[in-house]
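Student: Sequence isn't available, so here's the structure alone:
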């Protein structure tokens, strides 16, 4: 599944291998793109994902809507280290620190 919007450059691809869902995000994770992430998480969970790896290496911006999508994904999969973030940009790591979410999302 790949989606793009004209107002906010964003791309998403997803895969499910066994119980691990993977999201590869690119561009700006904001109010216009976060519903796509929510939908992709729902599809992966419905497909049997019990853990999720979200690759943020190409995400250039995250706002509060993007953070909400990450938190929503974690709630959908339960407690523990079930949602991991891969390759977050320095700004994303700083945002997680500022919001106190670094303990909620292991970074690989």
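Tutor: That came through, no problem. For clarity, every value in this text was computed on a predicted model and none was experimentally measured.
Student: going forward, measure contacts between C-alpha atoms and count neighbours the same way
Tutor: Fine.
Student: Surely residue 86 is in contact with residue 93?
Tutor: No: under the contact definition of Cα atoms under 8 Å, residue 86 does not touch residue 93, with a separation of 10.8 Å.
Student: Tell me which helix or strand in this structure has the weakest average pLDDT.
Tutor: Confidence across the helices and strands of the chain bottoms out at helix 90-98, with a mean of 93, counting by mean pLDDT, DSSP states H and E.
Student: for that one, which positions count as buried?
Tutor: 92-93, 95-96 (16 or more other Cα atoms under 10 Å).
Student: just stretch 23-42 next, same as before
Tutor: Of the residues in stretch 23-42, 23-34, 36-38, 40-42 count as buried by neighbour count, 16+ other Cα under 10 Å.
Student: Among those residues, which lie within strands?
Tutor: Among those, the subset assigned to strands under DSSP state E consists of 23-29.
Student: I'd like those as TSV, with pLDDT appended.
Tutor: Formatted as TSV, the entries for these read as follows, by pLDDT from 0 to 100:
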residue	pLDDT
23	98
24	98
25	98
26	97
27	96
28	96
29	96
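Student: Could you dump the residues you listed into TSV with distance to residue 68 added?
Tutor: Compiled in TSV, those are given as follows (distance: Cα to Cα, whole Å):
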residue	distance to residue 68
23	16
24	17
25	15
26	17
27	17
28	14
29	10
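Student: between those, which is closest to residue 106?
Tutor: When these are ranked by distance to residue 106 (Cα to Cα), residue 23 comes first, at 15.2 Å.
Student: which residues does the nearest residue to residue 91 once chain neighbours are set aside bridge with?
Tutor: Leaving out its chain neighbours, the residue that sits closest to residue 91 by Cα to Cα, 6 or more residues apart in numbering is residue 61, at 7.9 Å. Applying DSSP bridges to residue 61 gives these bridge partners: residue 28.
Student: Report pLDDT for residue 1.
Tutor: The per-residue pLDDT reported for residue 1 equals 44.
Student: any low-confidence regions in the chain?
Tutor: Regions of the chain meeting the criterion pLDDT under 70 cover residues 1-8.
Student: try 80 this time
Tutor: Where the chain drops to pLDDT under 80, the residues are 1-8, 79.
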